[in-house]
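Q: fold the following for me, if possible:
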Amino acid sequence: MLEEFATFCAIVKSGSMSKAASDLHVSQPAVSQRLRTLEQAYGMQLLLRTNRGVELTPAGELLSRYARRLINLHNNLQEEMEALRSAEPSQVIIGATSAAGGYALPCTIFLFQQTHPAAKIQLVVGNRSETLQRLHDGALDLALVEGQPVPPHEDDREGWQATEVSEEELVLVTPVTGPWAELPVYTLEDLRRAPLILREQGSGVRQVVEQELQNHGLSISQFPEARELCGVNAGKTAVAAGHGVTLLSKWCVRVEARIGTVRIAPLQGIRFLSRWTLLYPAARQGSILIRSLVHTLRSPAERGFC
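A: You can find the predicted model right below:
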């Protein structure tokens, strides 16, 4: 009804339906329709048309007083909302683990900034342990971590919530030539014989691999050729050079597999599933910008992982 109230006040101020239409840059029939809407809503005539223009009925006098107050209240609300928006922090620091931060999130950030041009998003990438520690130290506004679901003891900072946003299957990455490129399908026994390149302790991928091997009654100590390298790129480089095989998120090797520097090989009899967990402030906490970013990350249609 705000539009009708504003039109009514314009009629009263100008003393003419045609002058009100000109002031509002609308047609005179549109002004008449808005007046009829008000009269029908309250069931009383609000204006009398005379040779001198329009005159207010008693009901019109009453509506005029309240309409001005309602419009002023709305304008004040708009001003205070704008002041609140201006006071909102424009920077968000998001921490993420290697696959999420290095490969999936960059496109999300660019897409988010297209709809929030004033937003300044800082992305800090580390392994799972580092990212959770930064979050609990207050150095991050929110975080996206890979690995097993985040248990309560890893989410002990008051006011934080954890939501699983994606389930990603780790893929087996092999060289394109040499003895470890020849098998059409790999089994768990093949992995035990292979020079398996593992991520460092503290990474989400390492956690997933160790947990799934444990589910099959195995440990890393039973993989005599296993080697440890720190970071995603070190593992990919070693595999491309023919030094072994590794397990990584598909996001990390899509480009290399497409151009043919590494191969993604099928696994049989075992699956390594990594849960991607978003940690963020509770609903009543955090800025509007943080809540908007959380909504984007929780929405598969909006987050635009690349």
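
Q: burial of the closest residue in space to Gly202 that isn't next to it in sequence, as a residue count?
A: Once flanking residues are discounted, Gly202 sits nearest to Ser129: 3.6 Å by Cβ to Cβ, 6 or more residues apart in numbering. Any C-beta I mention is one placed from the backbone N, CA and C, and that applies to glycine too. Neighbour count for Ser129, taken as other Cβ atoms under 10 Å: 19.

Q: where do the helices sit along the stretch 151-300 of the chain?
A: 188-193, 204-215, 232-240, 250-259, 288-298, 300-303 (DSSP state H, counting those that start in this stretch).

Q: ok, back up a step: hmm, the residue nearest to Gly202 is touching Arg206, no?
A: No. Taking contacts as Cβ atoms under 8 Å, Ser129 lies outside contact range of Arg206: 9.9 Å.

Q: give me the pLDDT value at Arg303.
A: Arg303 carries a pLDDT value of 78.

Q: equivalent analysis for Pro152, please.
A: At Pro152, pLDDT is 55.

Q: residue at max distance from the center of this protein?
A: Asn51 (61.4 Å; Cα atoms, centre = their mean).

Q: next, count neighbours for the closest residue to Gln207 other than its chain neighbours.
A: Nearest non-adjacent residue to Gln207, counting by Cβ to Cβ, 6+ apart: Gly147, 4.3 Å away. Using other Cβ under 10 Å, Gly147 is surrounded by 24 other residues.

Q: buried residues in stretch 33-49?
A: The neighbour-count check on stretch 33-49 (16 or more other Cβ atoms under 10 Å) flags Arg34, Leu35, Leu38, Glu39, Leu46, Leu47 as buried.

Q: let me see the ranges of the strands in this structure.
A: Along the chain, counting by DSSP state E, strands occupy 47-50, 53-56, 91-96, 120-125, 142-145, 160-174, 186-187, 196-198, 227-228, 245-249, 263-265, 267-268, 273-281.

Q: between those, which gets nearest to Gln211?
A: Among these, the nearest to Gln211 by Cβ to Cβ is strand 273-281 (9.6 Å).

Q: quick one: list the elements packing against the closest one.
A: strand 142-145, strand 160-174, helix 204-215, helix 288-298 (3 or more Cβ pairs under 8 Å, 6 or more residues apart in numbering; DSSP states H and E).

Q: and Val239, how far from Pro58?
A: 86 Å (Cβ to Cβ, to the nearest Å).

Q: name the residue in those two with the higher neighbour count.
A: Neighbour count, other Cβ under 10 Å: between Val239 and Pro58, Val239 has more, with 28 against 10.

Q: hang on, the earlier thing: using a markdown table, lay out the helices of the stretch 151-300 of the chain together with distance to Gln222.
A: As requested, these are arranged in a markdown table below (distance: least, Cβ to Cβ, whole Å):
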| stretch | distance to Gln222 |
| --- | --- |
| helix 188-193 | 7 |
| helix 204-215 | 8 |
| helix 232-240 | 20 |
| helix 250-259 | 26 |
| helix 288-298 | 38 |
| helix 300-303 | 38 |
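
Q: what about stretch 170-178, how long is it end to end?
A: 22 Å (Cα to Cα, to the nearest Å).

Q: how about residues contacting it?
A: 180-181, 186, 191, 205, 208-209, 235-236, 239-243, 245-250, 253, 257, 260-267, 272-274 (Cβ atoms under 8 Å, 6 or more residues apart in numbering).

Q: and Arg298, which of the strands of the chain is closest to it?
A: Among these, strand 160-174 sits nearest to Arg298 (Cβ to Cβ), with 5.7 Å.

Q: mean confidence for that closest one?
A: For strand 160-174, the per-residue pLDDT averages 90.

Q: walk me through which strands that strand pairs with, and which way each runs.
A: strand 245-249 (antiparallel), strand 263-265 (antiparallel), strand 273-281 (antiparallel) (DSSP bridges).

Q: by mean pLDDT, show me the worst of these.
A: Across the strands paired with strand 160-174, the lowest-scoring stretch is strand 273-281, with a mean of 89.

Q: now the angle from that one to helix 204-215?
A: Using axes from the mean of the first three to the mean of the last three Cα atoms, to 10 degrees, the inter-axis angle of strand 273-281 relative to helix 204-215 is 130 degrees.

Q: what sits up against strand 273-281?
A: 99-100, 132, 135, 141-150, 155, 159-170, 204-205, 208, 212, 249, 286, 290, 294, 297-298.

Q: so where's the stretch 101-250 of the chain uncertain?
A: 151-159 (pLDDT under 70).

Q: circling back to that earlier point, residue contacts, the residue nearest to Gln207?
A: Contacts for Gly147 were tallied using Cβ under 8 Å, 6+ apart; they are Thr97, Arg128, Ser203, Gly204, Val205, Gln207, Val208, Ser274, Arg275, Thr277.
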